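Output the structure for:
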Amino acid sequence: MPSVTVPRFRPFRTLTAATVVAAGLALSAPAALAHDVVIGGDPADNAVLQEFPDTISLEFSGYVKEDFNTLAISEAESGDVLFSGEPAIDGRWVSLDVPADIEPGAGEYRIGFQITSSDGHSTRGMTTFTVTGGEAAAGETTGTAAPATTADTTEVSNDPGAGESGLPEGPMAWVLAGVGVLAVLGVVIMMIARGRHNTQE
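Okay, here's the model as predicted:
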């Protein structure tokens with residue numbers, strides 16, 4: 001009677017390949033979720049000014065694309081929008097001049113933005129600054145500041161108010177990547193155990 005050769009299960013090679021794949025997923029997930037963020041501004045985030053500035057400018061970590069960009073300045077306490085518009089783009093900077101008929105006084109203000117970042121996604125976020133006194137004039141502004149956290153990222157659409165993408169960012173991205181790695185390793189362990197059982201039979 002001819003002998004039947006049973007192929008041996010190679011758990012080490014399978015484990016090695018799966019580990020490489022899992023590690024790649026863990027490292028690539030946070031990078032895929034990274035979008036352009038604010039790295040500076042004039043006025044800077046959380047700046048304190050004596051007078052309201054003539055121009056509002058933000059600097060981003062990547063080159064801003066020309067499509068569907070908006071800046072909106074609002075009062076932090078009431079949420080009322082003072083003015084908004086499409087900013088001028090200069091590389092990584094976007095700027096919007098303050099209208100001549102706007103005369104805000106002392107208070108805290110928010111710079112809301114939606115820009116088309118260098119990766120083609122629409123990125124939203126906000127920075128703040130405070131005016132201690134005086135009305136709008138040719139005011140002094142501060143330098144750049146630490147990065148501001150973006151609120152969300154969405155695919156580019158014709159509607160500047162497009163919905164959120166729902167993609168997690170920051171620590172959550174690492175948590176999800178870790179869960180994926182554990183899931184892959186669990187499958188590998190099951191395959192190894194099943195292979196050993198088949199070999200013993």
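
Apart from its neighbours in sequence, what residue is nearest Leu58?
Gly41 (4.6 Å; Cβ to Cβ, 6 or more residues apart in numbering). In this view, the C-beta of every residue, glycine as well, is placed from N, C-alpha and C.

count of neighbours near that neighbour?
Other residues near Gly41 come to 27 when the count uses other Cβ atoms under 10 Å.

Kindly report the same for Thr132.
Around Thr132 there are 10 residues (other Cβ under 10 Å).

just checking, the residue nearest to Leu58 touches Glu59?
Yes: using Cβ atoms under 8 Å, Gly41 is in contact with Glu59, at 6.1 Å.

quick revisit: got the buried residues for the host helix or strand of the residue nearest to Leu58?
Secondary structure from DSSP states H and E places Gly41 in strand 38-42. Buried positions in strand 38-42, judged by neighbour count with 16 or more other Cβ atoms under 10 Å: Val38, Ile39, Gly40, Gly41, Asp42.

How about stretch 63-83?
Within stretch 63-83, the residues that count as buried by 16+ other Cβ under 10 Å are Val64, Lys65, Phe68, Asn69, Thr70, Leu71, Ala72, Ile73, Ser74, Leu82, Phe83.

gap between the residue nearest to Leu58 and Gln50?
Taking Cβ to Cβ, to the nearest Å as the measure, Gly41 falls 17 Å from Gln50.

now Ser84, nearest residue through space, not along the chain?
Ala72 is the one closest to Ser84 (Cβ to Cβ, 6+ apart), at 3.6 Å.

and the one you found, bridged to which residues?
Counting by DSSP bridges, Ala72 is bridged to Ser84, Gly112.

Could you do Asp97 as well?
Beta bridges link Asp97 to Thr55, judged by DSSP bridges.

Show me where the chain has its strands.
Counting by DSSP state E, the chain has strands at residues 38-42, 47-49, 55-60, 70-75, 81-85, 88-90, 93-97, 107-116, 121-131, 150-155.

Turn those strands into a markdown table, including mean pLDDT and distance to Met191.
Output for the strands of the chain, formatted as a markdown table (pLDDT from 0 to 100; distance: least, Cβ to Cβ, whole Å):
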| stretch | mean pLDDT | distance to Met191 |
| --- | --- | --- |
| strand 38-42 | 95 | 46 |
| strand 47-49 | 97 | 57 |
| strand 55-60 | 96 | 46 |
| strand 70-75 | 97 | 52 |
| strand 81-85 | 96 | 57 |
| strand 88-90 | 96 | 53 |
| strand 93-97 | 97 | 52 |
| strand 107-116 | 96 | 45 |
| strand 121-131 | 95 | 38 |
| strand 150-155 | 46 | 37 |
